[in-house]
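Peer 1: Structure of the sequence below:
(4 chains)
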Protein chains: 2
Amino acid sequence: MRRDVFQAIADPTRRAIILLIASQAMTPNAIAEHFDSTRQAVSKHLRILTECQLVKQEQSGREIYYQLNGTKMKEVDKWLEQFRKLWESRFDELDKVLQAMKKNKK
Amino acid sequence: MRRDVFQAIADPTRRAIILLIASQAMTPNAIAEHFDSTRQAVSKHLRILTECQLVKQEQSGREIYYQLNGTKMKEVDKWLEQFRKLWESRFDELDKVLQAMKKNKK
DNA sequence: AATTTAAGCAACCGAATAATTGCATATATT
DNA sequence: AATATATGCAATTATTCGGTTGCTTAAATT
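Peer 2: Down below sits the predicted model:
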């Protein structure tokens, strides 16, 4: 079973969950209330997020608070870093200009 | 058929393709030579990457050069931007310190 | 002690995915 | 013109994925 950060953030529901718990830790039930899907569906997503360490658990009695692991999110950023120059450089802008010139020729 | 950037970069082979053509545009055959998978498999990945606009085509005779679209990569970066403060802030460092203290208590 | 509530686990199902194989099309090369 | 090469498209298959349903465990509430 492949379980890496990229596969984890591929699902839109999981991205929504990540965004939701980014500001504050939440229990599975509380998270599920924000979605149309059932608690079990959310729970499954949480398991996947936990397995790839994007999310940490903090038990408090019978409640389990899920919290985002910022360090792991960094990994995606690290991968992206390789390409940052592609859109930050002016090559990108130059490309846009060239495209515009092509269009105007028509 | 869901076809967004996040789903596109979920596959490790596609990430490898992206990295490969980041520096210079390449034909499907040339790309396929860098992998164990067949040309058709690579071609399929290229189709997915093209559909979500992560990759642009440039035809030259019967050859088609595939080139990375930096602007689209930016989208992932944009999403990530929401969380950047999570690992750039010192909350993250503080968390590490607290974790270390917990361990030392044992 | 009995009931309610929070959460995880396992089996199952339909849809999507990745890869293979075979075929079609168009451009070079001879 | 015939052949070789580059690429795309379609059908098929095994695997994975997302979700539902039902059950179990454990902690809180009554």
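
Peer 1: What distance do you get for residue A:97 to chain B?
Peer 2: With the distance defined as CB to the nearest CB, to the nearest Å, residue A:97 ends up 13 Å from chain B. Glycine gets a C-beta too; all of them are placed from N, C-alpha and C.

Peer 1: Now that residue: which helix or strand?
Peer 2: helix A:90-105 (DSSP states H and E).

Peer 1: Show me what from chain A comes close to chain B.
Peer 2: A:2, A:4, A:6-7, A:9-10, A:12, A:15, A:18-19, A:22, A:68, A:70-71, A:73-74, A:76-77, A:79-80, A:82-84, A:86-87, A:91-92 (CB under 8 Å from any CB of the partner chain).

Peer 1: Could you tell me which of those belong to strands?
Peer 2: residue A:68 (DSSP state E).

Peer 1: Alpha carbons only: can I get the top helix by length along chain A in CSV?
Peer 2: If you go by DSSP state H, chain A has its longest helix at helix A:70-88. Extracted in CSV, the C-alpha atoms of helix A:70-88 (Å, rounded to 0.1, in the frame of the first residue of the first chain):
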residue,chain,number,x,y,z
GLY,A,70,3.3,21.1,9.8
THR,A,71,6.7,19.5,9.4
LYS,A,72,5.3,16.9,7.1
MET,A,73,3.6,19.5,4.9
LYS,A,74,7.0,20.9,4.5
GLU,A,75,7.9,17.8,2.4
VAL,A,76,5.6,18.9,-0.4
ASP,A,77,7.1,22.3,-0.2
LYS,A,78,10.5,20.8,-0.5
TRP,A,79,9.7,18.9,-3.6
LEU,A,80,8.1,22.0,-5.1
GLU,A,81,11.2,24.0,-4.3
GLN,A,82,12.9,22.3,-7.3
PHE,A,83,10.5,24.0,-9.6
ARG,A,84,10.0,27.3,-7.9
LYS,A,85,12.5,29.0,-10.3
LEU,A,86,10.3,28.0,-13.2
TRP,A,87,7.5,30.3,-12.2
GLU,A,88,9.4,32.9,-10.2
